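Q: quick check, what structure comes out for this input:
(one chain, ligands or ions: 2)
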Amino acid sequence: MKALHFGAGNIGRGFIGLILSRAGYNVMFSDVNQELVKALQQRGQYTVELANESKDTETVTGVSAIDGTQLETVAQNVAEADLVTTAVGVGILKHIAPGIAKGLEARLNTGLVQKPLHIIACENAIGASTQLKEHVYALLEEPVRALADQYVYFPDSAVDRIVPIQHHEDSLHVQVEPFYEWVVDRSQLAPAFLPIEGVLYVDDLEPYIERKLFTVNTGHCCAAYIGYVNGYDTIQKAIADEKVKSLVYGALQETGEVLVKRFGFNPEDHQQYISKILGRFVNPHLTDEVTRVGRSPLRKLSPNDRLVRPALQAYEYGMETTNLARGMAAACKFDVSDDPEAAELQDLIKQKGIAAALSHYTSMDEQHPVLKQAVEHYHQM
Ligand SMILES: NC(=O)C1=CN([C@@H]2O[C@H](COP(=O)(O)OP(=O)(O)OC[C@H]3O[C@@H](n4cnc5c(N)ncnc54)[C@H](O)[C@@H]3O)[C@@H](O)[C@H]2O)C=CC1
Ligand SMILES: O=P(O)(O)OC[C@H]1O[C@](O)(CO)[C@@H](O)[C@@H]1O
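A: Ligands and ions are numbered 1, 2, ... in the order given. As a prediction, this is how the structure comes out:
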C-alpha cells in the first residue's frame, strides 16, 4: 500500500509518516524543501526519538520523497496512491490543491483507479480536510467532480503530538513527545475503508477537535504569547513561572467551561484532561521555543481558531473571558520579525492602533466587550 504524504516536516516525519509506516504503508513524502527531499530519496529511512528518559528510537523505513514543486510528479503520485495525507499548515492547503486536482483528473478520467481514495488533512484546524476538498473541487471540471463525489473521500481529523523545531546533526532525525492522538471522522469514510492501525475513528469529530484545539492549542499558544511578553524563550521556562502558569490555567478553565457545556463532558474528567495537557507542555526532555508555538499569530487570532472562537462562545454563555482576552492581547505583543504574520500584525497595530488591528483579524467589532477586554490587557502589558 502506498501513501502520499504532503509535508515532510516535524509532524509529517515524526507523527503521520511514522504511524502510516507502522500500519504497513510505503510512505512517499511530497515537500518543497529540496534538502529534505534529497535526503529522504537518498536514505529511504529516518529515525524518530521519543522525548522520554530512555530516548526510545525507532527507524522508519521504506520511505521516499518527491519534489512538491513538480506538478506532474505530484499528480502522478496522487493518481497512484492508496491514501493521501497532509501536514503542511492549513494555509498551505490551497497550494497543494492543484497537484491533487490534476492527480484526481488522471485517476478518475482513465477509469483505471476508480477505487475509493481517502485524503486526510492533518492540520490544526476545524474541518481541514473539508477545506482542502473545497480548494481541490474549485479546480475540477464538473464531470470529474461528479466522479470525485463517488470515489474520493475527505474525512476531517484531529491530530495531537508535540513536535518542536528540530536541531540535530542528522537533518531527518526527529524528536517527538511520547503522546499522540490521531482521530478521524468515521462518518466521512468510504463504506469499505480499511482502518489504519493507530488511528481512532469516531462518529462525531466535533467534540474531539474542539477539545483538542481549545485545550492543547489554546493553552500552548497562551503559554507562548504570555511567556514571550515575560521574556522567556521556551515553553518550559515560561510555565516554570507560576504567574504564567496560572494565566494559562485560567484560560483553560475558561475554554473548559465552554467545552463542558457544549459537549457534556464530565467536569472532573475535563480537569484531568487539562492537567495532563499542562504536564505535556513541561516535558523536561523537550525544548520548545515560544516562537514556534506562537508562530502565525494571525491564524491563531482568526475567528474560528483557539482564542477567539472559545472566547466568543464563553461570552455568549455569560462566562468569564478575561484570560482568553489576555491571550489575544499577548498575541498582539508577539513581535517576532522573521514570522511574516507577526510582522504584518505589528505593522497594522502601528498604522491603525490595537483596537482596529484586533478587530480586523478577529472579525470582532471594536465595541465588542471581549475585544475591549483584550485592548485593556494590551495596554497593561
Ligand atoms: N509540530 C507540532 O507539534 C504540531 C503541528 N500540527 C500541525 O501540523 C502541520 C505541520 O506542522 P509542522 O510539521 O510542525 O510544520 P513543519 O514546518 O515542520 O512542516 C511543514 C512542512 O510542509 C512543507 N511544505 C510547505 N509547503 C509545501 C507544499 N506546497 N507542498 C509540500 N510540502 C510543503 C514544508 O517544507 C515543511 O517541511 C500544521 O498544520 C500544524 O498546525 C499539529 C499538531 C502538532
Ligand atoms: O501550527 P500550530 O497550530 O502552532 O501547531 C503546533 C501546535 O500543535 C501542537 O502540536 C499540539 O498538538 C502544539 O505543539 C503546537 O502548539
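Q: so who does the closest residue to H379 other than its chain neighbours touch?
A: Closest residue to H379 apart from its sequence neighbours, by C-beta to C-beta, 6 or more residues apart in numbering: I354 at 7.6 Å. Bear in mind the C-beta positions are built from the backbone N, C-alpha and C, glycine included. Applying C-beta atoms under 8 Å, 6 or more residues apart in numbering, we find I354 in contact with C332, V375, Y378, H379.
Q: tell me the one of these nearest ligand 1?
A: Nearest to ligand 1, judged by C-beta to the nearest ligand atom, of those is C332 at 20.5 Å.
Q: residues near the closest one, how many?
A: Using other C-beta atoms under 10 Å, C332 is surrounded by 25 other residues.
Q: what does Q272 give?
A: Around Q272 there are 11 residues (other C-beta under 10 Å).
Q: so it: helix, strand or coil?
A: For Q272, the assignment made with DSSP: H, G, I helix; E, B strand; the rest coil gives helix.
Q: quickly note the distance from it to K115.
A: From Q272 across to K115, the span is 42 Å (C-beta to C-beta, to the nearest Å).
Q: OK, contacts around the closest residue to ligand 1 within the stretch 151-300 of the chain?
A: Closest residue of the stretch 151-300 of the chain to ligand 1, C-beta to the nearest ligand atom: V163 (4.0 Å). Going by C-beta under 8 Å, 6+ apart, V163 touches N10, I11, G14, F15, V174, Q175, V176, E177.
Q: surely it is within a strand?
A: No: going by three-state DSSP, the assignment for V163 is coil, not a strand.
Q: not counting sequence-adjacent ones, nearest residue to it?
A: Nearest one to V163, counting by C-beta to C-beta, 6+ apart, is N10 at 3.9 Å.
Q: and if you look at G7?
A: Spatial nearest neighbour of G7, chain neighbours left out: V88 (3.8 Å); criterion: C-beta to C-beta, 6+ apart.
Q: okay, strands next: where are they in the stretch 51-200 of the chain?
A: Assignment of strands within the stretch 51-200 of the chain using DSSP state E, counting those that start in this stretch yields the ranges 57-61, 64-67, 83-86, 117-121, 152-153, 157-160, 174-176, 181-185, 200-202.
Q: just to revisit the earlier point, turn the contacts of I354 into CSV, including pLDDT, secondary structure and distance to ligand 1.
A: Formatted as CSV, those follow (pLDDT from 0 to 100; DSSP: H, G, I helix; E, B strand; the rest coil; distance: C-beta to the nearest ligand atom, whole Å):
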residue, pLDDT, secondary structure, distance to ligand 1
C332, 98, coil, 20
V375, 98, helix, 27
Y378, 98, helix, 25
H379, 98, helix, 30
